[in-house]
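Chemist: Turn this into a structure:
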Amino acid sequence: MKLTSTLALLLFSIAVLGGCERDRMSERGFSLPEGDPVAGRDTFVYMQCHQCHFIEGEQFPALPGVDPPYVELGGKVTRVKSYGELVTAIINPSHKLADGYPPDRVSEAGESLMYVYNRYMTIQELIDLVMFLQPHYEVVVPHYDYRMYP
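Modeler: Residues are numbered from 1 along each chain as shown. Here you go, the predicted structure:
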C-alpha cells in the first residue's frame, strides 16, 4: 500500500512538473531590434507588396498589367497589431487568412495566395517592413449597440 501511494505521488509530481515546461512555440522572449520605417517602405515597394496590398494615405508606383490592390493593410482595428503578429503574417501568410475578402482572391485550398518571401527577404528588411506597417494601424474602441429593455 505504501509503495503504491509513493509511486502514485511520484507519477503525479512528474506530471505536474512536466506541465510547467514553457511552450516551445511561445513568442515570449522574441524581440528584434528597432527598424527603419523609411527603409521598410522601400522594402514594401521593392518586394512589390503593393501588387496586392494598399495602405490608406500611401501612394505607391503603379505596376503595369496588375489589377488594383485589394487587401488593405493598416486602418482602424479594435486591438493592437503586435510586432509578433506582423512578423508572423509576413513569414507565414497562411497562418491567418485575411477576413472580409472573396476567398478566391486571398486563398486557394486554405493556403494564402501571398508569395512567401522567406528565402529572399533579409532579416533587416523584415524588421524595417514591420516598422513601416505598424504605425498604420489605429486602435479604436469597438462600438456595441445594446438593446434597452423596459
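Chemist: List of residues touching the host helix or strand of I90?
Modeler: Using DSSP states H and E, the element containing I90 is helix 83-91. The contact list for helix 83-91 (CB atoms under 8 Å, 6 or more residues apart in numbering) reads 27, 30-32, 95-96, 116-118, 121, 126, 129-130, 133-134. No exception for glycine: its C-beta is placed from N, CA and C like everyone else's.
Chemist: What's the ChimeraX line that selects buried ones from those residues?
Modeler: Buried residues within those, by 16 or more other CB atoms under 10 Å, are selected in ChimeraX with:
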select :117,121,126,129,130,133,134
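Chemist: Looking at the contacts of helix 83-91, which is nearest F44?
Modeler: Nearest to F44, judged by CB to CB, of the contacts of helix 83-91 is L129 at 6.2 Å.
Chemist: my guess is the closest one meets F44, correct?
Modeler: Yes. Counting by CB atoms under 8 Å, L129 does reach F44; the two are 6.2 Å apart.
Chemist: L97: what's it in contact with?
Modeler: 106-107, 110, 112.
Chemist: So it versus D128, what's the distance?
Modeler: 25 Å (CB to CB, to the nearest Å).
Chemist: go on, P64?
Modeler: Taken as CB to CB, the span from P64 to D128 is 26 Å.
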